[in-house]
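Engineer: the following block contains a protein sequence and its predicted model.
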Amino acid sequence: MPNTSLDDAIKEAYAQAKEDVTIFETLEVVSGTASSEREHIEVVFVLDTSGSMGNEIVWLKNALPSLFSTLQTEFVSVRFSLISFGQSANSGNPILQSAFVTDPSPIVTILNGLTANGSREPVFDAISLATQQFGCSAYNVYKCIVVITDEDGEDSGQIESQGSISVKLASKGLTLHQTWASSGSSALRTLQEETLGSYIRRTNETDFNADTLEALQNAIVVDPNLEPIYMVQCHEEKEFTLETGETVTFEPVGFRFQLPGQNDRGVSELNIAIDNVDRRIGDFINSAQTFDAPILVRYRPYLSTDTSAPQQDPPLELVLSDVRVTQFEVTGRATFADIVNLKFLTEYYNRCRFPSLGNT
């Protein structure tokens, strides 16, 4: 349970002080995401079926079903989707062959009916269609696209571009793995690197399956590399020692909040507003939300006469929800027991996945 004796601690500190004492109120904003191996995956296979892929299509009809079975063994849950592009039947434009399924049998049947023909390779448009298959999911689900092609796909008749695809991948926290280039400057290689994806060999069934399995096994919960932001309510930087013994620098940032009280549901809440003039806080929030990661707020009061430890140990730690980001400030609501964003077993229940939550 959180330490609720903050008022008593402050009163005692005042009573004991022999000189003027300033109370420095601090906030830490941190992403709740932690690196760990994935147990659940969602993967869209984007398959080039243009004429030059003739030899690969032959062995992929055996390789992919075998890979599907292996993935079902290696992970707690897997959802598969298949998109093809480059075939003459649709002027080369991408086709959604199968939306997400947990049983890949229908995809295997579809694979058996595919042939390699056609001369266009609009891979960007195909990736765009793949990104549309992903909705909201638990933040511990690895979401990725595997592009199987022998070209970089810079088709002149496409709607999408490398730049627009980069934005779409980032907006949903997707990883792109690709078979086109292992090195050098290319669009797919760049998209792969931007999303922390892997190069997958297309030389034969054995290499393809081994590389794909390794890429997905090595996938971790994508930490958007967000360092905690430490803020102090004053006009200059201050160094304070955390309850862990680590000394960190707190930046002067304006914020306001009310210490938690109970609402009519018996849930303790804190309303908070943080200055966003330099957009750092807003960018942090947006990045964390992109990866469906919970955002934690930690409150620590310090005395000017004692910066060696916070006056509340453990600090007040809350989950931030109902976030609103504007050019000037970030506002939100935080609770001890955030039922709307609580992880039950392996599922993460939030309004993105379940829009009706919190509307009653």
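Structural biologist: Nice, thanks for sending it over.
Engineer: tell me the mean pLDDT over stretch 65-85?
Structural biologist: Mean pLDDT, stretch 65-85: 95.
Engineer: start and end of that stretch, how far apart?
Structural biologist: For stretch 65-85, the separation between the terminal residues is 19 Å (CA to CA, to the nearest Å).
Engineer: buried stuff in that stretch?
Structural biologist: Residues of stretch 65-85 classed as buried by neighbour count (16 or more other CB atoms under 10 Å): 65, 67-68, 70-71, 75, 78-85. (Each C-beta comes from the backbone N, C-alpha and C, glycine too.)
Engineer: now stretch 190-202
Structural biologist: Neighbour-count burial for stretch 190-202, with 16+ other CB under 10 Å as criterion, is recorded at Leu191, Gln192, Thr195, Gly197, Ser198, Tyr199, Ile200, Arg202.
Engineer: for it, the distance to its chain's centre please.
Structural biologist: Centroid displacement of stretch 190-202 relative to its chain, using CA atoms, centre = their mean, to the nearest Å, is 17 Å.
Engineer: for it, list the C-alpha coordinates in CSV.
Structural biologist: Included here for stretch 190-202 are C-alpha records, laid out as CSV according to Å, rounded to 0.1, in the frame of the first residue of the first chain:
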residue,chain,number,x,y,z
THR,A,190,16.2,1.4,-44.0
LEU,A,191,12.6,0.5,-42.8
GLN,A,192,14.0,-2.7,-41.2
GLU,A,193,16.7,-0.8,-39.3
GLU,A,194,14.3,2.0,-38.3
THR,A,195,11.9,-0.6,-36.7
LEU,A,196,14.7,-2.8,-35.2
GLY,A,197,13.8,-5.6,-37.5
SER,A,198,16.0,-8.4,-39.0
TYR,A,199,17.2,-9.4,-42.4
ILE,A,200,15.9,-12.9,-43.4
ARG,A,201,17.7,-15.0,-45.9
ARG,A,202,15.7,-16.1,-48.9
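Engineer: can we start the residue count at 56 from this point?
Structural biologist: OK, 56 is where the count begins now, so the last one is stretch 245-257.
Engineer: got a list of contacts for it?
Structural biologist: Residues outside stretch 245-257 that contact it (CB atoms under 8 Å, 6 or more residues apart in numbering) are 111, 182, 199, 201, 203, 205, 217, 220-221, 224-225, 229-234, 236-237, 244, 262-263, 266-267, 269-270, 273, 277.
Engineer: quick check: the two most widely separated of the buried residues of stretch 120-140?
Structural biologist: For the buried residues of stretch 120-140, with distances taken as CB to CB, the pair at the greatest spread is Phe130 and Phe140 (26.4 Å).
Engineer: quick check: domain ranges of the protein?
Structural biologist: Residue ranges for the structural domains of the chain, counted by automatic domain parsing, are given in the record as 61-89+279-403, 95-272.
Engineer: the shortest one - what's its average pLDDT?
Structural biologist: So the one you mean is domain 61-89+279-403. Averaging pLDDT along domain 61-89+279-403 yields 73.
Engineer: Leu351: neighbour count?
Structural biologist: Other residues within reach of Leu351 by the criterion other CB atoms under 10 Å amount to 17.
Engineer: please list all residues in contact with it.
Structural biologist: Under the contact definition (CB under 8 Å, 6+ apart), the residues listed for Leu351 are Glu83, Val84, Val85, Ser86, Gly87, Glu372, Leu373, Val374, Leu375.
Engineer: next one: it relative to Ile340, how far apart?
Structural biologist: Counting by CB to CB, to the nearest Å, the gap between Leu351 and Ile340 amounts to 12 Å.
Engineer: re the thing from before, would you turn the contacts of Leu351 into TSV with distance to Gly309?
Structural biologist: What follows is the contacts of Leu351, written out as TSV (distance: CB to CB, whole Å):
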residue	distance to Gly309
Glu83	16
Val84	14
Val85	19
Ser86	22
Gly87	24
Glu372	22
Leu373	19
Val374	22
Leu375	17
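Engineer: can you count the residues close to the closest residue to Val178 other than its chain neighbours?
Structural biologist: Take Val178 and drop its neighbours on the chain: the residue closest to it by CB to CB, 6 or more residues apart in numbering is Gly208, 2.6 Å away. Other residues near Gly208 come to 27 when the count uses other CB under 10 Å.
Engineer: which residues sit in contact with Gly208?
Structural biologist: Contact partners of Gly208, counting by CB under 8 Å, 6+ apart, are Asp103, Glu176, Pro177, Val178, Phe179, Ala181, Trp235, Ala242, Leu243.
Engineer: what about the fifth one, which SS state?
Structural biologist: If I follow you right, that is Phe179. Secondary structure assignment for Phe179 (DSSP: H, G, I helix; E, B strand; the rest coil): helix.
Engineer: tell me the bridge partners for Leu231.
Structural biologist: Here Leu231 sits in beta bridges with Ile200, as judged by DSSP bridges.
Engineer: mind checking pLDDT for it?
Structural biologist: Looking at Leu231, its pLDDT stands at 95.
Engineer: and it, how close does it get to Val101?
Structural biologist: 9 Å.
Engineer: can you check Leu297 too?
Structural biologist: For Leu297 relative to Val101 (CB to CB), the value is 46 Å.
Engineer: looking at those two, which one has more neighbours?
Structural biologist: Val101 (24 against 17).
Engineer: next up, the contacts around that one.
Structural biologist: If you count contacts by CB under 8 Å, 6+ apart, Val101 has them with 138-140, 149, 178, 181-182, 185, 200-204.
Engineer: with Arg311 instead?
Structural biologist: Contacts for Arg311 (CB under 8 Å, 6+ apart) come out as Ile327, Ala328.
Engineer: let's see 7 Å
Structural biologist: Residues in contact with Arg311 (CB atoms under 7 Å, 6 or more residues apart in numbering) are Ala328.
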